[in-house]
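Chemist: Curious how this folds, go ahead:
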Amino acid sequence: MSECCGSAAVEIEQFAPRTGLPVVVIGAGPVGLAAAAHLAERGLDFLVLEAGEQAGASIAQWGHVRLFSPWKYDIDAAARRLLEAEGWTAPDPDWLPTGAELISDYLEPLAKLFGDRVRTGVKVTAVSRLGYDRVRTTGREQAPFLIRLDDGTELQARTIIDASGTYASPNVLGASGLPAHGEHTVAELIDHALPDVLGSDRDRYEGRHVLVVGAGHSAATTLLALAQLENTPVTWAIRAASASRTYGGGDADALPARGALGTRLHALVTSGRIRLLTGFFTHRVQRTDAGVEVISRDPSGHEQTVIADRIVSATGYRPDHSIASELRLDLDPVLGSTRALAPLIDPNQHSCGTVPAHGVDELSHPEPGYYAIGVKSYGRAPTFLMATGYEQARSVVAAVAGDWEAARDVQLDLPETGVCSSNLAEAQEQRVGLATGISGGLLSTPLPLVTVPASEGGSCCG
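Modeler: All right, here's what the predicted structure looks like:
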């Protein structure tokens, strides 16, 4: 009989070489498929597992919304090369695509190119090492990764690239990071960010009092759409004492489409079309005969109350690392990114335009061979841009291929200013409407523009 504390020989399992197993990419969004493109170019076997029923399934949930960045920043270089070799023609590089256009004109053709190496409707529920829990060390690095799917199937992999994103794990409505009291009892009346207000979800909002909670650009986009609905009172609640962070830098914004968003929102608040509540810390939510009563209690104990028919919770997202709970991760205690990446993306110090280029070294964990890339790699930081994720994918795949020189030669041509031409947003707006909103245009008539001091800026990614 063995003793738990005495000396004993350590038995080490013998595994088949990990190099004979595929690299598994979790998530078939833009960054996950970019990783697949780089793997394909380097001749590495791979498999992409997507929980949704199509490539870009999370993007499809906000397909009506236009991106801030034009096509020239939305296409990964390796993906472009592979697609063009098959006769694909890239869209107008200066056009700001909707989420739906990003899928139909780019992600779907790219996923089709990879054939059955992209599997949809496959949800990963856990990742570990074959024969090893998180505690066991000896021989760990030689053990393949074990991937368990929601149907009970198990797969093995040499490397895991987790590009599953954060869309499925939104932040709660309540302040202090905790659900508001009663939040779960009115869940059917709370929608998360970017509903299709002027399209498929219109009947849910028109003629009703809508409360939007959140200070990011998702909240701003929703507010602009709601303002177009007749007989629809709109209230906007934020924790800050001022909305200047959301209004941004106006004409001084590096992305004109983003600047126009904040400027027009400011005009709607100034005109009274949107009622702004500042210092609002959602504490309790409860049903009443008049609607849903939302009570704010700030740190001093002061309370505010608003009654609405529906709530849009645009309070951001957080990463869900639970599938990797048996792996050895080194997570920053504040953001939930890797500890090395955190100071480079800290929203208290950076906007998305000032985040420096980074790659495999900043994305590595104590668990060799596991990497989270894309928006999930940023944890709770809202400073992510797709182009940053593409460089992450390129660097990580180069490292997986053993090309460490290329892996560490990280570059990102994304200056804080000049990302778009100064007249791009205006030109597109004349064709389809406000460039950062609902497909077909947000505003049928121009709003008066309010000058916002550039010094009031804030996070560019909301």
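Chemist: Now stretch 143-156: average pLDDT?
Modeler: Averaging pLDDT along stretch 143-156 gives 97.
Chemist: Return the set of buried residues in it.
Modeler: For stretch 143-156, the neighbour count (16 or more other C-beta atoms under 10 Å) marks 143-149, 155-156 as buried. All C-beta spots, glycine's among them, are computed from the backbone N, C-alpha and C.
Chemist: Make CSV out of the residues you listed and add distance to Leu261 and secondary structure.
Modeler: Shown next, in CSV, are the buried residues of stretch 143-156 (distance: C-beta to C-beta, whole Å; DSSP: H, G, I helix; E, B strand; the rest coil):
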residue, distance to Leu261, secondary structure
Ala143, 48, coil
Pro144, 46, coil
Phe145, 41, strand
Leu146, 44, strand
Ile147, 40, strand
Arg148, 42, strand
Leu149, 39, strand
Leu155, 42, strand
Gln156, 46, strand
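Chemist: tell me the two of those that are most distant?
Modeler: By the measure C-beta to C-beta, Ala143 and Leu149 form the most distant pair in those, at 19.1 Å.
Chemist: beta partners for the closest residue to Tyr370 other than its chain neighbours?
Modeler: Distances taken as C-beta to C-beta, 6 or more residues apart in numbering put Ile160 closest to Tyr370, at 4.8 Å, once the chain neighbours are dropped. Counting by DSSP bridges, Ile160 is bridged to Val24, Tyr370.
Chemist: looking at it, Ile160 is touching Leu146, isn't it?
Modeler: No - Ile160 is beyond contact range of Leu146, at 10.0 Å (criterion: C-beta atoms under 8 Å).
Chemist: Pull up the overlap in contacts between these two.
Modeler: Common contacts of Ile160 and Leu146 (C-beta atoms under 8 Å, 6 or more residues apart in numbering): Val127.
Chemist: Excluding covalently adjacent residues, which one is nearest to Lys72?
Modeler: Lys72 sits nearest to Pro93 (C-beta to C-beta, 6+ apart), 3.8 Å away.
Chemist: these two touch, right, the one you found and Arg80?
Modeler: No - contact criterion C-beta under 8 Å: Pro93 and Arg80 do not qualify, at 10.8 Å.
Chemist: Neighbour count: these two, which is higher?
Modeler: Set side by side, Pro93 and Arg80 show more neighbours around Arg80, with 15 against 11, by other C-beta atoms under 10 Å.
Chemist: Check which helix or strand that one maps to.
Modeler: Following DSSP states H and E, one finds Arg80 within helix 77-85.
Chemist: Quick check: buried residues in stretch 91-101?
Modeler: Judged by neighbour count using 16+ other C-beta under 10 Å, the buried positions of stretch 91-101 are 91, 95-101.
Chemist: Helices - which of the residues you listed land there?
Modeler: Here DSSP state H is the test, and the buried residues of stretch 91-101 give 99-101 as lying in helices.
Chemist: Make JSON lines from those and add pLDDT to it.
Modeler: Output for these, formatted as JSON lines (pLDDT from 0 to 100):
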{"residue": "Gly99", "pLDDT": "96"}
{"residue": "Ala100", "pLDDT": "97"}
{"residue": "Glu101", "pLDDT": "97"}
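Chemist: And these, which is closest to Pro70?
Modeler: Glu101 (11.5 Å).
Chemist: need the contact list for that closest one.
Modeler: Contacts of Glu101 (C-beta under 8 Å, 6+ apart): Pro91.
Chemist: Tell me the secondary structure of Ile59, please.
Modeler: With DSSP: H, G, I helix; E, B strand; the rest coil as the basis, Ile59 sits in helix.
Chemist: ok, the closest residue to it other than its chain neighbours to Asp105 distance?
Modeler: Spatially, and ignoring its direct neighbours in sequence, Ile59 is nearest to Gly99 (4.4 Å; C-beta to C-beta, 6+ apart). Relative to Asp105, Gly99 is positioned 11 Å away (C-beta to C-beta, to the nearest Å).
Chemist: re earlier: quick check, nearest of the ones in helices among the buried residues of stretch 91-101 to Ala243?
Modeler: For these, the closest approach to Ala243 (C-beta to C-beta) belongs to Gly99, at 25.3 Å.
Chemist: Next up, the contacts around that closest one.
Modeler: By C-beta under 8 Å, 6+ apart, the neighbours of Gly99 are 56, 59-60, 62-65, 67.
Chemist: From these, which land in strands?
Modeler: Of the contacts of Gly99, none are assigned to strands by DSSP state E.
Chemist: okay if I get those as CSV plus pLDDT?
Modeler: Output for these, formatted as CSV (pLDDT from 0 to 100):
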residue, pLDDT
Gly56, 97
Ile59, 96
Ala60, 96
Trp62, 94
Gly63, 95
His64, 94
Val65, 92
Leu67, 89
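Chemist: Of those - the most surrounded one?
Modeler: Neighbour tally across the contacts of Gly99 (other C-beta under 10 Å): the maximum, 26 neighbours, falls on Gly56.
Chemist: Now it: phi and psi?
Modeler: For Gly56, the backbone dihedrals (degrees, to the nearest 10) come out as phi 70, psi 40.
Chemist: for Val212, same thing?
Modeler: Note on Val212: backbone dihedrals following degrees, to the nearest 10 are phi -110, psi 120.
Chemist: Can you pull out the low-pLDDT segments for the protein?
Modeler: Across the chain, the ranges flagged by pLDDT under 70 are 1-19, 249-259, 414-462.
Chemist: That one: helices as residue ranges?
Modeler: Assigned by DSSP H, the chain shows helices spanning 30-41, 57-60, 77-85, 99-102, 108-114, 202-205, 217-226, 244-247, 256-271, 342-345, 360-363, 386-400, 404-408, 424-432.
Chemist: Nearest approach to Pro170 belongs to which of the ones you listed?
Modeler: helix 217-226 (10.0 Å).
Chemist: What is that closest one packed up against?
Modeler: Applying 3 or more C-beta pairs under 8 Å, 6 or more residues apart in numbering; DSSP states H and E, we find helix 217-226 packed against strand 210-213, strand 234-237, helix 244-247, helix 256-271.
Chemist: please redo it, this time with the cut-off set to 10 Å
Modeler: On a contact count with 3 or more C-beta pairs under 10 Å, 6 or more residues apart in numbering; DSSP states H and E, helix 217-226 meets helix 202-205, strand 210-213, strand 234-237, helix 244-247, helix 256-271, strand 274-277, strand 310-313.
Chemist: for the longest one, packing partners?
Modeler: Think helix 256-271. Short answer (3+ C-beta pairs under 10 Å, 6+ apart): helix 256-271 packs on helix 217-226, strand 234-237, helix 244-247, strand 274-277, helix 424-432.
Chemist: now the angle between helix 217-226 and it, please.
Modeler: Counting by axes from the mean of the first three to the mean of the last three C-alpha atoms, to 10 degrees, helix 256-271 lies at 60 degrees to helix 217-226.
Chemist: sorry, back to before: may I see the helices of the chain organised as JSON lines, with distance to Leu329 added?
Modeler: Shown next, in JSON lines, are the helices of the chain (distance: least, C-beta to C-beta, whole Å):
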{"stretch": "helix 30-41", "distance to Leu329": "19"}
{"stretch": "helix 57-60", "distance to Leu329": "22"}
{"stretch": "helix 77-85", "distance to Leu329": "27"}
{"stretch": "helix 99-102", "distance to Leu329": "30"}
{"stretch": "helix 108-114", "distance to Leu329": "28"}
{"stretch": "helix 202-205", "distance to Leu329": "39"}
{"stretch": "helix 217-226", "distance to Leu329": "27"}
{"stretch": "helix 244-247", "distance to Leu329": "31"}
{"stretch": "helix 256-271", "distance to Leu329": "32"}
{"stretch": "helix 342-345", "distance to Leu329": "13"}
{"stretch": "helix 360-363", "distance to Leu329": "11"}
{"stretch": "helix 386-400", "distance to Leu329": "15"}
{"stretch": "helix 404-408", "distance to Leu329": "20"}
{"stretch": "helix 424-432", "distance to Leu329": "40"}
